[in-house]
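> Show me the folded form of this:
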Amino acid sequence: MASLSGVSKISLMSLRLVHKAIGVFVLLPTTLVAMFWTLLGVPALFDAFDNHGAAGASVGLSLALVSGWFGLVTLWRLYRNLGAAQFCERQTNYWIGLGAGVGASLYLLMTMPGQWLAAWPLVAAAYFALRLRACAMTARAPPV
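Model (predicted):
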């Protein structure tokens with residue numbers, strides 16, 4: 001097995017640092033904020049369904065809530081499984097989860113002005129999308 005060169009060691013260390021930073025500065029705060037707003041939002045959604053006046057908005061927000069949590073759980077799974085054999089094998093599931101999370105973030109950005117916390121998970125989604133793309137490119141590369 002060949003040893004890593006100095007440049008690839010630095011590259012590997014910087015990727016690990018970015019990976020840890022994504023977990024601590026993006027995923028953890030996003031999860032805490034999502035828990036807080038879910039606890040406040042679910043009773044408000046039930047009230048909106050009971051009043052029948054804001055049923056359309058409540059359906060959209062409940063879809064955003066479910067798809068947002070699906071995307072957030074997918075981001076945590078990607079964070080945990082990066083480097084494992086499953087990371088490259090389950091790409092379809094990961095892409096679906098990333099798409100659901102990005103859709104929920106964009107919906108919240110469009111419907112709630114000034115809600116820039118909804119854009120924060122897009123940073124993690126872009127990072128993991130690039131890592132998934134690199135994994136797909138490596139898998140398609142012809143053997144040397």
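> residue nearest the centroid of the protein?
Nearest residue to the geometric centre of the chain (CA atoms, centre = their mean): L75, 3.9 Å.
> Kindly indicate whether that one is helix, strand or coil.
Using DSSP: H, G, I helix; E, B strand; the rest coil, the structure places L75 in helix.
> ok, it touching P121?
Yes - the criterion here is CB atoms under 8 Å, and L75 meets it with P121 at 6.7 Å. Placement of C-beta: from N, CA and C, glycine included.
> Identify the contacts common to the two.
Common neighbours of L75 and P121, using CB atoms under 8 Å, 6 or more residues apart in numbering, are L27, G101.
> could you say which helix or strand contains S11?
helix 6-22 (DSSP states H and E).
> Report the buried residues of that helix.
H19, I22 (16 or more other CB atoms under 10 Å).
> Which elements pack onto it?
helix 120-140 (3 or more CB pairs under 8 Å, 6 or more residues apart in numbering; DSSP states H and E).
> List the buried residues of the helix it packs on.
Applying a neighbour-count criterion of 16+ other CB under 10 Å, one finds W120, P121, L122, A124, A125, Y127, F128, A129, R131, L132, C135 buried in helix 120-140.
> helices or strands next to whatever helix or strand F46 lives in in the packing?
F46 is part of helix 28-51, with elements assigned from DSSP H and E. Here helix 28-51 touches helix 55-81, helix 120-140, going by 3+ CB pairs under 8 Å, 6+ apart.
> now it: mean pLDDT?
On average, the pLDDT along helix 28-51 is 87.
> Run the chain-centre distance for it.
With CA atoms, centre = their mean, to the nearest Å as the basis, helix 28-51 stands 18 Å off its chain's centre.
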